[in-house]
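Asks: I would like the atomic coordinates for the input below:
(one chain, ligands or ions: 1)
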Amino acid sequence: MQKAIYPGSFDPVTFGHLDVIQRASRLCDAIVVAVANNDGKKSLFTIEERIELIQEATSGNEKVVEVTSFDGLLVDFARAQGALAIVRGLRAISDFEFEFQMALMNRKLDPTLETIFLMPTEEYTYLSSRIVKEIARLHGDVSAFVPKAAAAALATKFSA
Ligand code: ADP
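Replies: Numbers count the residues shown, from 1 in each chain. Okay, the predicted model is just below:
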């Protein structure tokens, strides 16, 4: 397999995301991590902050060739990048319905683009950026869930 896109909000990047990237690295020659510039979603971190945190966390992984943002349709971005596949993580049955619908819609929009689902190690199946933000907001310890820089950035956001 050649190039794959791993899209998401990454608000912020967690060990669950990094687990998926690690698994994808064994299958792909190159991975582009793409932060969705989605105005519909209220995020805690800016696009630039999210990109920087992902870059720092993946700097040792030579398969991660780019961390960037994208606007518009994912299939258009994937085509422009020359990617063959989209990578998504599946944590639980609850992810399935939404992911299934998106994958089939993306296939309709571009039949040449495949979606690959990867499951994280069991201990990360309960992990989401949303729950990590909730813990950090209440000043809980998130060091088991996110890389050091993300934990520090969360502490700064919620220090007031
Ligand atoms: P989105 O807003 O697109 O769901 P996220 O940044 O939350 O973006 O997630 C991006 C992708 O990573 C999604 O496919 C999501 O299911 C997956 N993902 C998020 N957290 C985990 C985790 N703990 N384990 C495996 N996959 C995950």
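Asks: list, one by one, the residues from this protein near the ligand.
Replies: By Cβ under 6 Å from any ligand atom, the residues of the chain that approach the ligand are 8-10, 14, 16-17, 20, 88-89, 91, 95, 120, 124, 127-129. The C-beta positions use only the backbone N, C-alpha and C, and glycine is treated the same way.
Asks: now do 5 Å
Replies: Counting by Cβ under 5 Å from any ligand atom, the positions of the chain adjacent to the ligand are 8-10, 16, 20, 88-89, 91, 120, 124, 127.
Asks: closest to His139 out of those residues?
Replies: Of all those, His139 sits closest to Leu127, with 18.7 Å by Cβ to Cβ.
Asks: can you verify my assumption that that closest one contacts Phe15?
Replies: Yes: counting by Cβ atoms under 8 Å, Phe15 is a contact partner of Leu127 at 6.6 Å.
Asks: shared neighbours, the two?
Replies: Phe145 (Cβ atoms under 8 Å, 6 or more residues apart in numbering).
Asks: tell me how many other residues surround Glu56.
Replies: 16 (other Cβ atoms under 10 Å).
Asks: sorry, slip of the keys, the one I care about is Thr46.
Replies: With other Cβ under 10 Å as criterion, Thr46 counts 11.
Asks: show me where the chain has helices.
Replies: 15-25, 47-58, 74-81, 93-109, 129-137, 148-157 (DSSP state H).
Asks: many thanks, have a good one.
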